[in-house]
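1. Show me how the following folds:
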Amino acid sequence: MKIASWNVNGIRAAEKKGFGTWIKNSGNDVVCLQETKCHPDQLDLFLREQDGYRSYWSSAQKAGYSGTAIYTRKEPINIIEGIGLSESDNEGRIIGLEFKDSVVISAYFPNSQREHDRLPVKLKFCDAIHRYCDDWVKKGKAVVLAGDYNIAHHPIDLRNPKSNENNAGFLPQERAWMEHFTKNGYVDTFREFEKGPGHYSWWSYRPGVREKNIGWRIDYICVNEGIRDRLKSAWISPDVMGSDHCPVGVELKD
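-> Below is the predicted model:
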C-alpha cells in the first residue's frame, strides 16, 4: 500500500496549480491532506472524486481555515472525525479511515504561533493524538499517522536550527513530545530509510528560500512499531509544487 500526505495550503488553490494531475499520476492508494481550507460542498464532483478515489473531509467551523481530508481507492469500514478535543475538532484537524486491519489518520497539528500563544493547545493535542493511536493499537489495528505535525524533531530536520531554537515548531517542549512519541511505540518512517541532512517538506514563501532549500521537515508519516517490518520505502517529493509544503510518502508491504 502506498500512502502520501500533503499540506496543500488550500485545496482549491492547489487544484489550480496541478493537484489533479499530481494525484492522478502519483500511484498512491491513500492520500492524506491537511489545511484544505474548505467544506466539501464548496468543491465540484471532479475534485471530490479524483480518478477513482473517493474522499472524506473534516472541515473547520471557521470558513477558509484548517481542515483535513483523505482520498482513498480502498473502501473504509468506518470514518472517524476528531479525537474528542472540542477546540481541535472544531478546527477539522483530524479525519481517519478505519480499514479491516488498519487505521489511516490525516492530522493537522496546531501551530504554537509566533509568541507561543497556542503551545498549551498544541501539547494537549499531541498528548491526545498519542493516546488515540495507542487505543487503536490495543484494538489490534496497524496505525498510520500522516500529516503536518508542525514540529522539526532534530537539528537535522531544519536548515538553521541555531537561529530557530526559540521559534514555534522547534521549541524544546514540541521536540520533547516528538522524542517521546517515537520512543514509545511509533516510527518516523522517513528516517528508517534516510539518515542524512537536507531533506525538508516546508519552505517559507520568501523569494529564493525554496530554491536554496532553506526548509524544515515538519510533515511526517509515522506508523506503530508493530508494523516496522512492513516498511518498504519512504520519500519526500520537494519537486512537487502547488503549496509551501511538498508531499511525503511511504509504501507498506502487504
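
2. Could I get the full set of strands for the stretch 101-250 of the chain?
-> The residue ranges that make up the strands of the stretch 101-250 of the chain, judged by DSSP state E, counting those that start in this stretch, are 102-108, 142-148, 186-188, 202-203, 215-216, 219-224, 231-236, 248-252.

3. can you list those strands in TSV and add mean neighbour count?
-> Bear in mind the C-beta positions are built from the backbone N, C-alpha and C, glycine included. Output for the strands of the stretch 101-250 of the chain, formatted as TSV (neighbours: other C-beta atoms under 10 Å):
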stretch	mean neighbour count
strand 102-108	26
strand 142-148	26
strand 186-188	20
strand 202-203	21
strand 215-216	24
strand 219-224	25
strand 231-236	17
strand 248-252	23
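
4. would you list those strands in JSON lines and tack on mean pLDDT and distance to residue 155?
-> Formatted as JSON lines, the strands of the stretch 101-250 of the chain follow (pLDDT from 0 to 100; distance: least, C-beta to C-beta, whole Å):
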{"stretch": "strand 102-108", "mean pLDDT": "98", "distance to residue 155": "24"}
{"stretch": "strand 142-148", "mean pLDDT": "98", "distance to residue 155": "20"}
{"stretch": "strand 186-188", "mean pLDDT": "98", "distance to residue 155": "15"}
{"stretch": "strand 202-203", "mean pLDDT": "98", "distance to residue 155": "16"}
{"stretch": "strand 215-216", "mean pLDDT": "98", "distance to residue 155": "11"}
{"stretch": "strand 219-224", "mean pLDDT": "99", "distance to residue 155": "16"}
{"stretch": "strand 231-236", "mean pLDDT": "98", "distance to residue 155": "17"}
{"stretch": "strand 248-252", "mean pLDDT": "98", "distance to residue 155": "19"}
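
5. Count the residues that sit near residue 118.
-> Neighbouring residues of residue 118 were enumerated by other C-beta atoms under 10 Å; the total is 17.

6. So it sits against residue 124, correct?
-> No - using C-beta atoms under 8 Å as the test, residue 118 is too far from residue 124 to be in contact (9.9 Å).

7. What sits closest to residue 87 if chain neighbours are left out?
-> In space, and not counting its chain neighbours, residue 87 is closest to residue 121: 6.2 Å by C-beta to C-beta, 6 or more residues apart in numbering.

8. show me what contacts that neighbour?
-> Shown here is residue 121, whose contacts under the criterion C-beta atoms under 8 Å, 6 or more residues apart in numbering are 87-88, 110.

9. what does residue 102 give?
-> Under the criterion of C-beta under 8 Å, 6+ apart, the contact partners of residue 102 comprise 141-144.

10. Which SSE is immediately downstream of the lowest-mean-pLDDT helix or strand in the chain?
-> Of all the helices and strands that make up the chain, helix 45-48 has the lowest average by mean pLDDT, DSSP states H and E, namely a mean of 64. Next helix or strand after helix 45-48 toward the C-terminus (DSSP states H and E): strand 54-58.

11. Who are the packing partners of that following strand?
-> strand 68-72, strand 94-98 (3 or more C-beta pairs under 8 Å, 6 or more residues apart in numbering; DSSP states H and E).
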